[in-house]
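**Q** one predicted model, sequence on top.
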Amino acid sequence: MESKQISEDVAGIDQKRVFWRLMSFMRPYKKKLTLAFFLLLMATALELLAPLVVKVFIDDYLTPGNFEEKTMLLLGGGYLLLVAAAAAVNYTQFVLFQSIALNIIQDLRVQMYEAVHRLGLKFFDRTPVGSLVSKITNDTEAIKDLYVSVLSTFVQNIVYLLGIFAVMFYLNAKLALYCMILVPVILWIMWMYRKYSSRSFFEMRERLSLLNARLNESLQGMAIIQAYNQQKRMKREFKEINESHAKAQMKNITYNGLLLRPAVDVIYMAALVTILSYFGFASFQTSVEIGVVYAFINYLDRFFEPVNMMMMRLSMFQQAVISAGRVFQVMDEREMAPGKMGEGEPRIEGGRIEFCNVTFSYDGKQDVLHNISFTAEPGTTVALVGHTGSGKSSIISLLMRFYTPDNGTITIDGEDLQAYDNRELRSKIGLVLQDSFLFAGNIHENISMNRKSGEEVHHAAEFVQASKFIEKLPESYQTAVGERGSGLSSGQRQLISFARTMAFQPKILILDEATANIDTETEEEIQEALKKMRHGRTTIAIAHRLSTIQDADQILVLHKGKIAERGTHQELLRQNGLYHKMYLLQQGTGVEAI
Amino acid sequence: MNIFKDLMWFFKSEKKSYIGGIFILALVSLGQLIPPKVVGQLVDHMREDTLTERMLISYGSLLLGIAAVIYVLRFLWRIFIFGAAVRLSLLLRKKLYDHFTKQSSEFYQKRRVGDLMAHSTNDLQAIQQTAGDGVLTLVDSLMVGGFTLIAMATTISWKLTLISLIPMPFMAYATSRYGTMLHKRFHAAQEAFSSLNDKVQESISGSRVIKAFGQEEHDSAAFKELSADAVRKNMAVAKVDSLFDPTISLIVGFSFFLAVSFGAFFVVQGEMSLGDLVSFTAYLGLLIWPMLAFGWLFNIVERGRASYDRVMKLLGTEEVIRDNGVKTAISAGDIMFRLEEFRYQKDRIPALKDITFNLKEGQTLGITGKTGSGKTTLCRLLMREYDTGEGSIFLGELDIASFTNESVKKLISYVPQDHFLFSASIRENIAFSKYDAPFLDVKEAAERAAVHEDIAAFKEGYETVVGERGVMLSGGQKQRISIARALLHGGDVLILDDSLSAVDAKTEEKILNSLKTIRSGKTTVITAHRLSSIAHADWIIVLDEGRAVQQGTHEQLKSDEGWYKDTLQRQALESLIAQGG
């Protein structure tokens, strides 16, 4: 049951291009970056100067035995000052680098989020929520590591290394030249590490995610496993995955042991021996400045810490690039939400809706709507009825411009739907959803949607008669609602969403009636509110209960994406067709859904 | 540090690895002390012009030799200690998994999968870190610190050692203070991140509503604010985090200052040589790590302790289904169901009350009723997922509880209401209980469940991977694959718990027909909302709020006034409408 997709991700992404694109996010921070870079240089210089002071002390004063008090104080004070200044500047540049990195991630996240909002529902239809959420949060978090620790570590350490080389050249050019041999050796180890160790690192990560997926699945499907007596087999299979994960971990430990710290230490020792032999052989000819030996050894010590740091960040770097690849994929998505096209700024005044030969398909294969034509005159109500999957909701989705029809036109007040800008469309078309979706927040926020004033909110709540129960709540309009523990009945939630719609004073109303039975307590109020809301507005209503739409000006009976029957309630009953049967059905069973 | 005591059982079982690893660590720490000493001596020789070529070569090769040996030793202890830690998490993970497979439905009802996952991943990781990095840090810092101090004090100068150590306690103090600050701020940053996560989750799920109300901009602004908050919290972390390095270099710098100035004084006094001073500063460099490590160690151990407690607590809960039966059930025979009352653990209202029926071998039982009326509970009792409470179920002559659970499950093929498929190929999902079933059998089961044509339409046919990482199947396809799985299992009793709800009328008829042929002589229990699924049953029970409100055959029930008749009429019309009149 194991799917083999190890490292597929690594190969699928053009790493170089992704990397440079990531770098381009640094552009707005040029000035800050320059400052941070300057501070970094300064801190490095300060840090590197300190051993030089000791060198001067040893060679010029300690060896000849010259301890003039003033100079000593100067040297000692100078040394301490250097150390303190280096610490202070270092702190500043650390913080600065982090702040730049965090801001870049903020930019990236917001850009991505806005890009996602521009995408059409077609994109959301085919993208699992979980994976999209994870891209917006977890993947950007992984990229954060790139800016926060990887880049600053690399920049800092490379600067540091360059500084060390500079001082070494200053002290003894020839010996420094010898030490340059270290560079290709270290690069070679890095290359080896990248080749072997990071590969085993990714293998380990893959195995871990496989292991977790299996565990998660087993926990969810435990009832089935137990029902079919498969505990033994599942345990055996889990054991295999568990062991293969442990094996990958061991392999990673092995490579890290062979290539990371222990290897770098060997190089360190080799370099140390080189330096000592150099000075040793030199001492046969002339006397050696011990201070220089001290300084060289001290710099050598400092040389390897940065190398180790960079090695440890390599796998993080790759993880970040892979995450960035996924993020950019979403940002480059071209399944845009339908938007305004053409010139002019038409306004919706009357609310006359016309569908003309509209055909639509979600997947391009199967038409869910076929040649739909109807007109809703201003102020009238058109009701859509039909069983599940007949196309009622699709008509509404098209009218809301969530999708564009494949054929035919939709016009409002004679203008093509596409001519209106989003703002006009959203504020003039009021949607009342069947599952009254409330956002996390309080009642006021849910009604005002951050656009309407307190007065408008109260007015709207009063209009739909929600104010009565809202004002009885201990915190009135400030009562928190949302997913959990709202303590509101479904009917009350519905009234709140009615108020939200009415606060915008729409010209057109779209009602998606609830399929579920609403508690009888609020049922009457809801019907009354609906009637009031519909008054003077063009209304398109999806009805499940025929009793609520008997007074509709026009009823469209949909079947398999086509309009099967149309007319008023009385006309349709006389036709003795589908509508008549539905009516009989509901007569027999009261107010149950179709 | 109690955690090390708690883990002693493991350390003992991995005696060789740990003793070997610690011994090698000790050797490495000792070996590391040699180079500074050698360097010091070389420097002294250079200064005094007593250095000979031979001496230089032998010192050089000594250093290289030590380097090589240390390389090997360092590699080895990693394998020993980290390897043992890997085995610890392997072992604990296996234990947890075994434990999970034994727990009853009640166990899973009380806990969220996410929490169980967290225990099996994050907590095990923390424990592994304690057994690996924790042990390493403890041993290594004690040894490196100890040996270095001893070497400094005995071979060079104890006075200078004491003097240069003066600033070190400040470092320990500072790092532990930063540690606590960091912990708090890090926690806040984590929370900011998780509320960001919640926000995204809500908005993506509600994308339709956001678009309908034109809230894209406002939603983006709210996201921006939350994200900015996460930045602020992370900045607070960065401000503390950035303190570590400068503080350490400041204190180390001060320590070096003391070492060099007092050392110089001692050199002038003739108490030590210049070479000694160079060695001394090198030793001082070696002390930085143990100091740092100790602060870090507390962190690891604290996390390990908490995680280990949680995992042990989980392993301590026993909510297994009683399995006291000793007999092996060979055939189900007639089923006799006598139940006075059954309620889920804490519920006040019984889920089932006064249910009695007999089902002869080979008969079909239909159960219907509204959602929540107790249909699934009845199936679960037959499956022995729960003990019956007041009442008993007889398979043949004997109480279901007198058989082993395993043998009972072998007799029953179960299709649950929430059809669950594993991330595996369709073939593997159908052959779930008969893993090595020949392909023809699998295909036959799929044909019987009327899903073969759907499967054949996939590019990879029966090898198509489904589940979370595979292709998306429709609810009806999932249901039919679940049915095929049960058919291949071929138990004496087939239980279909509302498993035909998502298939259309034609397919339903097909499945029911094939059931009739292959299940003749075998017992079948079907629960359904749609009465057409159970009309052919030998006996039908209508449940309402846990009670059997109507019982009889289809012929009897369809003429009796009551829920069954009403529903039958309504559904007949509904199907007429669905077909377009």
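**A** Yes, it's here. Predicted model, so just to flag it, every value in this text is computed and none were measured.

**Q** can you give me the end-to-end distance of stretch A:455-473?
**A** End-to-end span of stretch A:455-473 (C-alpha to C-alpha, to the nearest Å): 18 Å.

**Q** buried residues, it. List them.
**A** Neighbour-count burial for stretch A:455-473 flags A:456-461, A:463-467, A:469-470 (criterion: 16 or more other C-beta atoms under 10 Å in any protein chain shown). The way it works is simple: take the backbone N, C-alpha and C, and place the C-beta from them, glycine included.

**Q** ok, A:Phe439 to chain B distance?
**A** 7 Å (C-beta to the nearest C-beta, to the nearest Å).

**Q** separation between that residue and A:Glu445?
**A** Look at A:Phe439 and A:Glu445: by C-beta to C-beta, to the nearest Å, they are 7 Å apart.

**Q** skip the chain neighbours and tell me the closest residue to the residue of chain B found nearest chain A.
**A** Proximity of chain B to chain A (C-beta to the nearest C-beta) peaks at B:Gly214, 2.9 Å away. Distances taken as C-beta to C-beta, 6 or more residues apart in numbering or on different chains place A:Arg426 nearest to B:Gly214, at 2.9 Å, with adjacent residues excluded.

**Q** I'd assumed B:Met336 was in a strand, is it?
**A** Yes: the assignment for B:Met336 by DSSP: H, G, I helix; E, B strand; the rest coil puts it in a strand.

**Q** on that earlier part again, more neighbours, A:Phe439 and A:Glu445?
**A** The neighbour count for A:Phe439 versus A:Glu445, taken as other C-beta atoms under 10 Å in any protein chain shown, is higher for A:Phe439 (21 against 18).

**Q** next up, the contacts around the more buried one.
**A** Counting by C-beta atoms under 8 Å, 6 or more residues apart in numbering or on different chains, A:Phe439 makes contact with A:Glu445, A:Asn446, A:Gly482, B:Glu202, B:Gly206.

**Q** same check on A:Ile241?
**A** A:Glu2, A:Arg207, A:Leu210, A:Leu211, A:Arg214.

**Q** for it, pull up the helix or strand it's in.
**A** A:Ile241 belongs to helix A:231-259 when assigned by DSSP states H and E.

**Q** which ones are touching the residue nearest to B:Trp158 when sequence neighbours are not counted?
**A** Sequence neighbours aside, B:Met152 is the residue nearest to B:Trp158 in space, at 7.8 Å (criterion: C-beta to C-beta, 6+ apart). Shown in contact with B:Met152 (C-beta under 8 Å, 6+ apart): B:Trp158, B:Leu160, B:Thr161, B:Phe280, B:Tyr283, B:Leu284.

**Q** at 7 Å instead, please
**A** B:Met152 sits next to B:Thr161, B:Phe280, B:Tyr283 when contact means C-beta atoms under 7 Å, 6 or more residues apart in numbering or on different chains.

**Q** related to what we said a few turns ago, centre of the chain to the helix holding A:Ile241, how far?
**A** 31 Å (C-alpha atoms, centre = their mean, to the nearest Å).

**Q** now swap in stretch A:557-576 and tell me
**A** With C-alpha atoms, centre = their mean, you get 46 Å for stretch A:557-576.

**Q** how far away is the residue in the stretch 201-350 of chain A positioned nearest to chain B from A:Ile297?
**A** With C-beta to the nearest C-beta, the shortest gap between the stretch 201-350 of chain A and chain B falls at A:Met269, namely 3.4 Å. Counting by C-beta to C-beta, the separation of A:Met269 from A:Ile297 is 12 Å.

**Q** which one's more surrounded, those two?
**A** A:Ile297 (24 against 18).

**Q** now do the same for the more buried one: helix, strand or coil?
**A** Per three-state DSSP, the local secondary structure of A:Ile297 is helix.

**Q** do B:Phe262 as well
**A** B:Phe262 ends up helix, using three-state DSSP.

**Q** with adjacent residues omitted, what lies nearest to it?
**A** B:Ile163 (5.0 Å).

**Q** surely that neighbour is in contact with B:Leu258?
**A** Yes: contact between B:Ile163 and B:Leu258 holds when scored by C-beta atoms under 7 Å: they sit 5.4 Å apart.

**Q** what distance do you get for A:Met222 to B:Lys409?
**A** Per C-beta to C-beta, A:Met222 is found 13 Å from B:Lys409.

**Q** no, scratch that, I was asking about A:Thr92
**A** From A:Thr92 over to B:Lys409 the distance is 67 Å, taken as C-beta to C-beta.

**Q** kindly report the same for B:Gly316.
**A** 26 Å.

**Q** before we move on, what about A:Tyr299?
**A** Counting by C-beta to C-beta, the gap from A:Tyr299 to B:Lys409 is 71 Å.

**Q** what about whichever residue of the stretch 301-450 of chain A sits closest to chain B, how many residues nearby?
**A** Using C-beta to the nearest C-beta, the single residue of the stretch 301-450 of chain A nearest to chain B is A:Arg426, 2.9 Å away. As a burial measure, A:Arg426 scores 22 neighbours (other C-beta under 10 Å).

**Q** then A:Ser453?
**A** Burial of A:Ser453 is recorded as 10 neighbouring residues (other C-beta under 10 Å).

**Q** and it, what is it in contact with?
**A** No contacts exist for A:Ser453 under C-beta under 7 Å, 6+ apart.

**Q** could you pull out the helices for the stretch 251-400 of chain A?
**A** Taking DSSP state H, counting those that start in this stretch, the helices of the stretch 251-400 of chain A run over residues A:261-285, A:290-331, A:392-399.

**Q** for A:Thr381, which of the ones you listed is the nearest?
**A** helix A:392-399 (14.1 Å; C-beta to C-beta).
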